[in-house]
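# 3D, please:
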Amino acid sequence: MRSLSELEVSGKRAFVRADLDVTIEEHRQGGERDFSSEVLTEGVLRLARLKQTVDYLLEGGDSVTIAGHIGRPIGESPSLSTSRLVQAASKLLGTDIEFQQDIFQRPNNRVVLLENLRFFEGETTNDPEFANRLASNADFYVNEAFGNSHREHASMVTIPRLLPAYAGLNLEREVKVLSEALNKPAHPFTVIIGGAKIDTKIPAIKNLSSVADTILVGGVLPKEIVADSIPLPDNVEVAQLSENGLDITTNSQERFAEIIRRSNLIVWNGAMGLFEQGHSAGTKAIVVAVKDSQAFSIAGGGQTIEFLAKYNLLDSFSFVSTGGGAMLAFLAGEKLQALQVIPNQP
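Here you go, the predicted structure:
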């Protein structure tokens, strides 16, 4: 993909498609509801990863328009307005950001944040006119939304066909790290898959089984595998679940840890249990084993990042991906359309 570092940004207006789909909670100050945003866990990581790209663009560029979405609103929903990200984003990016409700208006500040693109039907229907109006206020496009790159939405796949398109600095790193795990893995290579929704995990499990030495499966997935009688490759080990089914057993923790410790490459997506309800032993055992290994380790997925952030463990991994579904799709060998539309040549 064409790298942003190949572009001379001087005097040009950038449209940055960012990953803004973060958790926000309202809190009170002095008895009054304060609608300034408090961005949590995964959101902090996603917004912070924008900084390198924004700094690069501001060195000589004219303006930076940051656009993205939060959630899956039907029409406008004040609780999902990106306006609530302005305070946190300004702090994390170290620059003044002006919120712009009229997404088609020419930016009148050096850095602007557009309203939630999913408030507008044209975004998810990939409407060409919607994309054209957004593109008209920029000179080039930057994809810094790896976590949304498996979606064929207007801001992901059509705007980069209308403007010179580049991979953001973080997106470039995401693709490089995950590509090397697939194409040039260090062995023993261990993959850990947890969480739920087996239908979204099976393609990644089957694709990775051809390059990984062992795939360890936990979370709710063992239940789903048994219930649906899903056949799995021979190098997949499925955890036993505790009596209440909310975590993996001590025996499975020990078996998984033994395999993880002797690995040279580890890819992890999904918790081993419902840690949100206090069932965190299995997931903690995975982290301890990763830290005890000498492996290059990659973690990703919203639930995984939430756990690591909650216990201040993000630094325990060599690389933390901002993608959840996109990471799994990439590891499943799918061609992410938003990446395909970025040219390879300058």
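# how close does His279 get to Asn244?
8 Å (Cβ to Cβ, to the nearest Å). No exception for glycine: its C-beta is placed from N, CA and C like everyone else's.
# got the contact list for Phe99?
Phe99 is in contact with Thr82, Ser83, Val86, Val112, Leu113, Glu115, counting by Cβ atoms under 8 Å, 6 or more residues apart in numbering.
# show me which of the residues you listed is closest to Pro164.
Val112 (20.0 Å; Cβ to Cβ).
# in three-state terms, label the closest one for me.
strand (DSSP: H, G, I helix; E, B strand; the rest coil).
# pretty sure Ala14 sits in a strand.
Yes: under three-state DSSP, Ala14 falls within a strand.
# bridging residues for it?
Note on Ala14: beta-bridge partners Val64, Phe140, judged by DSSP bridges.
# use 859 as the first number for this chain going forward.
That works, and once the first residue is 859, the last one we named lands at Ala872.
# burial measure for it, as a count.
28 (other Cβ atoms under 10 Å).
# Glu917 is in contact with that one, correct?
No: using Cβ atoms under 8 Å, Ala872 is not in contact with Glu917; the gap is 11.4 Å.
# higher neighbour count, His1137 and Asn1102?
Using other Cβ under 10 Å, the more surrounded residue of His1137 and Asn1102 is His1137, with 18 against 9.
# measure that one to Met1185 for me?
Taking Cβ to Cβ, one finds His1137 at 24 Å from Met1185.
# what's the answer for Val874, then?
20 Å.
# on that earlier part again, buried only: go through the contacts of Phe957 for me.
Buried residues within these, defined by neighbour count using 16 or more other Cβ atoms under 10 Å: Thr940, Ser941, Val944, Val970, Leu971, Glu973.
# identify the residues contacting the first one.
When you say that, I think you mean Thr940. Leu878, Gly926, His927, Ile928, Phe957, Leu971, Leu972, Glu973, Asn974.
# give me the spatial nearest neighbour of Gly918, chain neighbours excluded.
Excluding its sequence neighbours, the residue lying closest to Gly918 (Cβ to Cβ, 6 or more residues apart in numbering) is Ser868, at 4.1 Å.
# for that neighbour, phi and psi?
Backbone torsions of Ser868, given as degrees, to the nearest 10, read phi -50, psi 120.
# tally up the residues packed near it, please.
Neighbourhood size, Ser868 [other Cβ under 10 Å]: 9.
# show the model's pLDDT score for it.
Ser868 carries a pLDDT value of 92.
# surely it meets Gly919?
Yes: contact criterion Cβ under 8 Å: Ser868 and Gly919 qualify, at 7.1 Å.
# overlap in contacts of these two?
By Cβ under 8 Å, 6+ apart, no residue touches both Ser868 and Gly919.
# separation between Ala1012 and Asn990?
Taking Cβ to Cβ, one finds Ala1012 at 9 Å from Asn990.
# in this structure, which spans are helices?
Listed in chain order, the helices of the chain (DSSP state H) span 900-906, 909-916, 944-951, 979-982, 986-993, 1017-1020, 1027-1041, 1056-1066, 1079-1085, 1108-1119, 1139-1150, 1160-1168, 1183-1189, 1195-1198.
# buried residues, the longest one. List them.
This points to helix 1027-1041. Buried residues in helix 1027-1041, counted by 16+ other Cβ under 10 Å: Leu1027, Asn1028, Leu1029, Glu1030, Arg1031, Glu1032, Val1033, Val1035, Leu1036, Ala1039, Leu1040.
# turn the contacts of Thr940 into a markdown table, including pLDDT.
Below are these laid out as a markdown table (pLDDT from 0 to 100):
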| residue | pLDDT |
| --- | --- |
| Leu878 | 92 |
| Gly926 | 97 |
| His927 | 96 |
| Ile928 | 93 |
| Phe957 | 97 |
| Leu971 | 98 |
| Leu972 | 98 |
| Glu973 | 98 |
| Asn974 | 97 |
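# before we move on, the earlier item: okay, Ala1012 and Asn990: which has more neighbours?
Between Ala1012 and Asn990, counting by other Cβ under 10 Å, Ala1012 is the more crowded of the two (27 against 14).
# which residues touch the more buried one?
By Cβ under 8 Å, 6+ apart, the residues touching Ala1012 are Leu975, Gly980, Glu981, Thr982, Thr983, Asn984, Asp985, Pro986, Phe988, Ala989, Leu992.
# repeat the analysis, applying 10 Å as the threshold.
Ala1012 makes contact with 875, 975, 978-993, 1020, according to Cβ atoms under 10 Å, 6 or more residues apart in numbering.
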